[in-house]
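A.B. asks: Pasted the sequence and its predicted model underneath.
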Amino acid sequence: MTTRPADEQLALVAAQVRRARTRKPPGPAEVDPIARVAVDVSLPHLDRPFDYVVPAPLSDAAVPGTRVRVRFAGTLLDGWVLARVAHTDHTGRMERLAKVVSPDPVLTPEVATLARAVADRWAGSLVDVLRAAVPPRHAAVEKALDAAGPPAIPLPPEPPSSPGPWTDYSGGPALLARLADPSLAFGPDAPGPRAVWTAGPGEDPAVALATLVTAAAAAGRGVLVVVPDARDVARLDAALVALLGPGRHRVLTADLGPSARYRAFLEIRRGHVGVVVGTRAAVFAPVRDLGLVVLWDDGDDSLAEPHAPYWHAREVLAQRAVQTGAALVLGSTSRSVEAAALVSSGWAREVVLPRAVLRRRGPRVLTSGSDSDLARDEAARSARLPHVAWETAKSALASGPVLVQVPRRGYVPSLACQTCREPARCLHCHGPLGVASGHAFPSCAWCGRLAADWVCPRCSGTTLRAVSVGERRTAEELGRAFPGVPVRVSGRDPGGAGVLAEVDATPALVVATPGAEPRADGGYAAALLLDGRVMLDRPDLRAGEETVRRWIAAASLVRPASEGGTVVVLADPSLAPVQAVVRHDPAGYAARELVERETLHLPPAWRVAELTGLQADVEDLLERTALPAAASVLGPVPVPVPRRGGADATAPKMRALVVVSRAGGSALAAALHAGAAVRSAHKDGGSVAVRIDPVVLA
DNA sequence: GTGCGAGTATGA
DNA sequence: CATACTCGCACC
């Protein structure tokens, strides 16, 4: 700021004011002078477009999809132009667009429609979805791309020379052929194929996915592949460079940083590339001429958005496939119950290995359920390693690496039957039983009923016991059991070396938490899946499904039985999840689980809304919500998950569940959003988090 | 969320 | 009667 005499400064200001007053403001645009704007406020009662006058000078720039600045309730806010129209229904006074932030229409009509559908499905606000869908602007990137000029148009990629890994799958070559046929135009009325692909043991998913992508891209289709984490992105990126050729795709992840992320996003939006690989938020990538969407490992919990409205990548991509007609492939070594539902309803077809091929490719699977057959070796005994596990690992270590899967720490304590150890569930609503802090008697975490007359449905036992969970065998303990063998650790736990991508074929013990297992060059000679009890006894709806997913994922990294590949599961062999791994049948397990969810009124067979907040707020929201007639309400009860880090008592969070049939899902979401809108408009009470079909339901 | 007008409390 | 404050609501 320069210093001037006060009177001089005053004169300057006065001159500016005079000029501003005398300069005639520009008139409205000649064509479609109204912009319908989604203003960036996430309050539920403001979740609708607002109309603004487009000043003539901004008319060319303010096209649908552009980011704008508008005055709203007196303050300048960001917004998105949803449409340009000739007339408005608004009768009051109308503000003008203050500024078009960037000429790039970052929000395509297709993504805008998708985001609206996502907001509706999860009882949320459009702008909350848009914030995840469109990365923040980075002006320097726009400038750099403009300066670089239009990209050299690469020759169309060559289609893959053979179905490659897809040859062995029933339905595989047919799926590939349809994707690769340029004469098949996919659209909402003639959708592309929808497949649930169960990758067999020994498969390198990156190679198989790259083959799919290349086939579709060669036919001129835009392709979007979403994977759970950065490690998967890196693997697929490498496979695509090899198969599709360099420069034909872009990686889109949050950890690129603001500049690189916006650059990749803009290149996709401007149509420089037609193939995108990314993590969760990439489900909204504005891929041109979208013809194929792919999701790898849809059971991974990182595919659920942690912010409101808590959408899930699987459902978003399914919605996008419906809306655009794009083909959809859900791939996994296992099968989520949601994927099973898509198969059982006939919406998607399964692509699986025939039984005979599966037997040829899979490892031998052994189980060890009781504590009585502990190893005779003393060091193995102190590591609580059963004899079978120790023997298997010892002989496998002669020929290659051995994977040891250990559970992550921090599982919540729960209750089980004293005699048969079956996890205890509420006799009324099948919620998990636990002892809430400050209470002496066990109660249901869902409906709050005391479990006084509990009888075990499996063995008719009447006594409950606390399940000790969270015990983690350390790498050192295992190292002592196998002296002289190198131990490598892969996991996200603090103090470790982080997550390893790959290990070589030399004998070593590779200790990994689920999801962090490195691939082994040539496959593991054996895998030990420890502490099955701990994983299965978690009081979560998805405990069984999740355990199967993790076990099968690990078993799929092991050599075939014909090459000595062996898996040892430490869990009771009579349990269904253990059987699923022994028979390598994730599809059968998921199908049975789906039937069970139907009878228990649980997702995905039924739709559940979880409301979390202070008791008064949860009750207030329920009161103000016109719940569908058939809805049933459980709770509210105290949230069972104890807060980690700091015992200081904040007011206790409560949780209620609202259950409706699948058909009633959209009505329930709309009613809850409307209820929240009334609350936010009146500014009464604190916020309530609404999660539709929550991933974690404990 | 913010800004504003109506309505009510408060003091010279 | 003027000013300070809260409350309710609209926000384009």
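C.D. replies: In hand now; what should we look at? Note that this is a predicted model, so its numbers are computed, not measured. Numbering: from 1, shown residues only, chains lettered A, B, ... in the order given.

A.B. asks: residues near residue A:277, how many?
C.D. replies: For residue A:277, the neighbour count with other Cβ atoms under 10 Å is 29. Glycine gets a C-beta too; all of them are placed from N, C-alpha and C.

A.B. asks: Could I get the full set of helices for the stretch 301-450 of chain A?
C.D. replies: Using DSSP state H, counting those that start in this stretch, the helices of the stretch 301-450 of chain A run over residues A:313-324, A:337-344, A:355-361, A:378-382, A:387-396.

A.B. asks: The last one - what's its average pLDDT?
C.D. replies: Helix A:387-396 comes out with an average pLDDT of 91.

A.B. asks: The third one now?
C.D. replies: Taken as a whole, helix A:355-361 has an average pLDDT of 95.

A.B. asks: How about it, which residues are buried there?
C.D. replies: In terms of neighbour count (16 or more other Cβ atoms under 10 Å), helix A:355-361 has its buried residues at A:358, A:360-361.

A.B. asks: Which of those residues lies at the shortest distance from DNA strand C?
C.D. replies: Closest approach between the buried residues of helix A:355-361 and DNA strand C, by Cβ to the nearest atom of the strand: residue A:358, at 58.2 Å.

A.B. asks: So the closest one sits against residue A:584, correct?
C.D. replies: Yes: if you go by Cβ atoms under 8 Å, residue A:358 and residue A:584 touch, sitting 5.9 Å apart.

A.B. asks: and the gap between residue A:240 and residue A:222?
C.D. replies: 14 Å (Cβ to Cβ, to the nearest Å).

A.B. asks: follow-up on the earlier one: check the contact lists of residue A:358 and residue A:584 and give me the overlap.
C.D. replies: In terms of Cβ atoms under 8 Å, 6 or more residues apart in numbering, residue A:358 and residue A:584 are both contacted by the residues residue A:201.

A.B. asks: Assign a three-state SS to the closest residue to residue A:164 other than its chain neighbours, would you?
C.D. replies: The spatially closest residue to residue A:164, leaving aside those adjacent along the chain, is residue A:211, at 4.8 Å (Cβ to Cβ, 6 or more residues apart in numbering). Under the three-state scheme (DSSP: H, G, I helix; E, B strand; the rest coil), residue A:211 adopts helix.

A.B. asks: what number of residues lie near residue A:211?
C.D. replies: For residue A:211, using other Cβ under 10 Å, the count is 24.

A.B. asks: How about residue A:70, nearest residue that isn't a chain neighbour?
C.D. replies: residue A:79 is the one closest to residue A:70 (Cβ to Cβ, 6+ apart), at 5.0 Å.

A.B. asks: Kindly state the beta-bridge partners for that neighbour.
C.D. replies: When bridges are called by DSSP bridges, residue A:79 pairs up with residue A:39, residue A:68.

A.B. asks: That one is in contact with residue A:46, isn't it?
C.D. replies: No: with contact defined as Cβ under 8 Å, residue A:79 does not count as touching residue A:46 (11.2 Å).

A.B. asks: quick one, which of the two is more surrounded?
C.D. replies: Taking other Cβ under 10 Å, residue A:79 and residue A:46 do not tie; residue A:79 has more neighbours (26 against 19).

A.B. asks: quick one: contacts for the more buried one?
C.D. replies: Applying Cβ under 8 Å, 6+ apart, the residues contacting residue A:79 are A:37-40, A:50, A:67-70, A:72.

A.B. asks: DNA strand B: which of those is nearest?
C.D. replies: residue A:72 (6.0 Å).

A.B. asks: how many other residues sit next to the closest residue to DNA strand C within the stretch 501-650 of chain A?
C.D. replies: Proximity of the stretch 501-650 of chain A to DNA strand C (Cβ to the nearest atom of the strand) peaks at residue A:624, 13.4 Å away. Neighbourhood size, residue A:624 [other Cβ under 10 Å]: 18.

A.B. asks: With residue A:498 instead?
C.D. replies: So residue A:498, with other Cβ under 10 Å, has 11 neighbours.

A.B. asks: Tell me how far the closest residue to DNA strand C within chain A lies from residue A:24.
C.D. replies: Relative to DNA strand C, the nearest point of chain A is residue A:73 (2.9 Å; Cβ to the nearest atom of the strand). Noted for residue A:73: a distance of 27 Å to residue A:24, by Cβ to Cβ.

A.B. asks: Residue A:520 now?
C.D. replies: Counting by Cβ to Cβ - residue A:520 and residue A:24 are separated by 74 Å.

A.B. asks: neighbour count winner among these two?
C.D. replies: residue A:520 (23 against 6).
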